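**Q** Model the following, please.
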Amino acid sequence: MESAYIKEKFKELNLLMDKDKKDYITVDVAAKFLGMDKEAFRNLACSGNIPFAIGGVSASSKYTKVPKISFYAFCVQHLPNMKYFS
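**A** Alright, predicted model coming up:
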């Protein structure tokens, strides 16, 4: 059975990955794709609770990086087959 929702989300994911040549996506983009509040995403990344994001707290602010390859791998890790990618 093919899910129209899953096909659409992976189409969206692939477009995010191909949008530019940068190695990272923004917190805003990652949080929006996952349906999360961006501050909640940032806080979870800083506390080490998002496995695909790098986050921490410096002397004056929080920082968060979301590598594209890690984000993509996280999103596709439990797919039973690759038919959604075509």
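**Q** C-alpha only now, for contacts and for neighbours.
**A** Noted.
**Q** what helices or strands is the longest helix belonging to the chain leaning on?
**A** Counting by DSSP state H, the longest helix found in the chain is helix 4-18. Applying 3 or more Cα pairs under 8 Å, 6 or more residues apart in numbering; DSSP states H and E, we find helix 4-18 packed against helix 68-76.
**Q** Can you list the low-confidence ranges for this structure?
**A** 1, 79-86 (pLDDT under 70).
**Q** so who does the residue of it most remote from its centre touch?
**A** Relative to the centre of the chain, and counting by Cα atoms, centre = their mean, the farthest-placed residue is Ala59 at 26.2 Å. Contacts for Ala59 (Cα atoms under 8 Å, 6 or more residues apart in numbering) come out as none.
**Q** hmm, back to that, pull out the buried residues from the longest helix of the chain.
**A** Residues of helix 4-18 classed as buried by neighbour count (16 or more other Cα atoms under 10 Å): Phe10, Leu13, Leu16, Met17.
**Q** what distance separates that helix from the centre of its chain?
**A** With Cα atoms, centre = their mean, to the nearest Å as the basis, helix 4-18 stands 12 Å off its chain's centre.
**Q** partners of the helix or strand following that helix, with directions?
**A** Next in sequence after helix 4-18, counting helices and strands by DSSP states H and E, comes strand 24-25. Strands adjacent to strand 24-25 in the sheet, as given by DSSP bridges, are strand 62-67 (antiparallel).
**Q** How is the residue farthest from the centre of the chain assigned, secondary-structure-wise?
**A** coil (DSSP: H, G, I helix; E, B strand; the rest coil).
**Q** Many thanks, I have nothing further to ask.
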